[in-house]
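Chemist: Return a 3D structure for these sequence lines:
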Amino acid sequence: MTIRVLIVDDQMMVREGFSVLLNAMEGIEVVGEAVDGRQAIARVAALRPDVVLMDIRMPEMNGLEATRHIVAADTDAKVLVLTTFDLDEYVYQALRAGASGFLLKDASARQLAEGVRVVAAGEALLAPSVTKRLIVEFSKLSDVQRTTDPSGVGELTERETEVLVLIAQGLSNAEIADRLLVAESTIKTHVSRILVKLGLRDRTQAAVYAYETRLVTPA
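Modeler: Numbering: from 1, shown residues only. Model prediction:
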C-alpha cells in the first residue's frame, strides 16, 4: 500500500525538496503541503494522510499546537516531527503531545523515507541524539511535574511490563522478540495490549509513559 504524506513547513524550498525526495521513493506519495499548523489541521482533515511531516517552528500556529489538534481529532495520521535543532526545547513537548517520531532536517533521502515508513507502520522513531536529549529532560522532571498516572502499570502482566521497558529503551519489535526469545507476532500482540490497557496512541507515547512513571529511569 502507498503511504500518503502531508508536508508541513513554512519554507517553500523545504516543502518542495522533501516532496521531490519522497515522491521518488517507492511506495510513498506526497498528497499535499501546508505552510503552518492551522493549514495543516485543515489539510489532514481533507486529505487523510498516513504521515504528517511536521516542522516545529512556524508562524500562525506552530507544529506543537498543530500536533495536539491532529492527535485530539483522533485521525489515523501519524506525526513525524522535523526540525533543524536536535536540542529544540519543543521536541519533548511534541512527543508528549502525540508525535510518533522525530527527525533532523539534515537527514538523508534514505533516512527520510525510512522514517516515514517506520512511523506509518506504527513504530517509534527517535534520532539517537534526540533520545539522549529526551533522557536528560525526563531526568529533570520532579514528581510534581510528572502528570502521567502510574496506576496503569499495575494493569500490565509481568511480560507486558517487560516489553514496555524494552520499548522505552528504543528496541523494535524484532529486537524485543530476539531478546525475549519469542516470535515477533507475539511481541506485536503484547504491544497492542499495552497500548489498550494504558490508553496510549502508539509506541512513542508508551516510551514517554515508561519514563514519566519511573518504570524506566535515566542511567
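Chemist: got a list of what the residue nearest in space to the middle of the chain touches?
Modeler: Closest to where the C-alpha atoms of the chain average out (CA atoms, centre = their mean) is residue 100, at 1.2 Å. By CB atoms under 8 Å, 6 or more residues apart in numbering, the contact set of residue 100 is 78, 79, 80, 119, 122, 124, 125, 201, 202, 203, 204. Backbone N, C-alpha and C define where each C-beta goes, glycine included.
Chemist: The same query, at a cut-off of 6 Å, please.
Modeler: 78, 79, 119, 202, 204 (CB atoms under 6 Å, 6 or more residues apart in numbering).
Chemist: Would you mind giving those residues as CSV with pLDDT added?
Modeler: Below are these laid out as CSV (pLDDT from 0 to 100):
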residue, pLDDT
78, 92
79, 93
119, 88
202, 80
204, 78
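Chemist: tell me the phi and psi of the spatially most distant residue from the centre of the chain?
Modeler: Using CA atoms, centre = their mean, the residue of the chain lying farthest from its centre is residue 181. It sits 26.7 Å away. For residue 181, the backbone dihedrals (degrees, to the nearest 10) come out as phi 60, psi 50.
Chemist: Sitting in strands, which of the contacts of residue 100 do you find?
Modeler: Counting by DSSP state E, those place 78, 79 in strands.
Chemist: want to throw the contacts of residue 100 into TSV with neighbour count?
Modeler: TSV is the format used below for the contacts of residue 100 (neighbours: other CB atoms under 10 Å):
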residue	neighbour count
78	27
79	31
119	30
202	20
204	26
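Chemist: From the contacts of residue 100, pick the one nearest residue 160.
Modeler: residue 202 (15.8 Å; CB to CB).
Chemist: Report the contact partners of the closest one.
Modeler: Residue 202 touches 100, 122, counting by CB under 6 Å, 6+ apart.
Chemist: about what we covered before: apart from its chain neighbours, what residue comes closest to the residue nearest to the centre of the chain?
Modeler: Counting by CB to CB, 6 or more residues apart in numbering, residue 100 lies nearest to residue 78, which is 4.3 Å off, once chain neighbours are set aside.
Chemist: Quickly list what that neighbour is bridged to.
Modeler: Judged by DSSP bridges, the bridge partners of residue 78 are residue 51.
Chemist: Since that was my last question, I'll sign off now.
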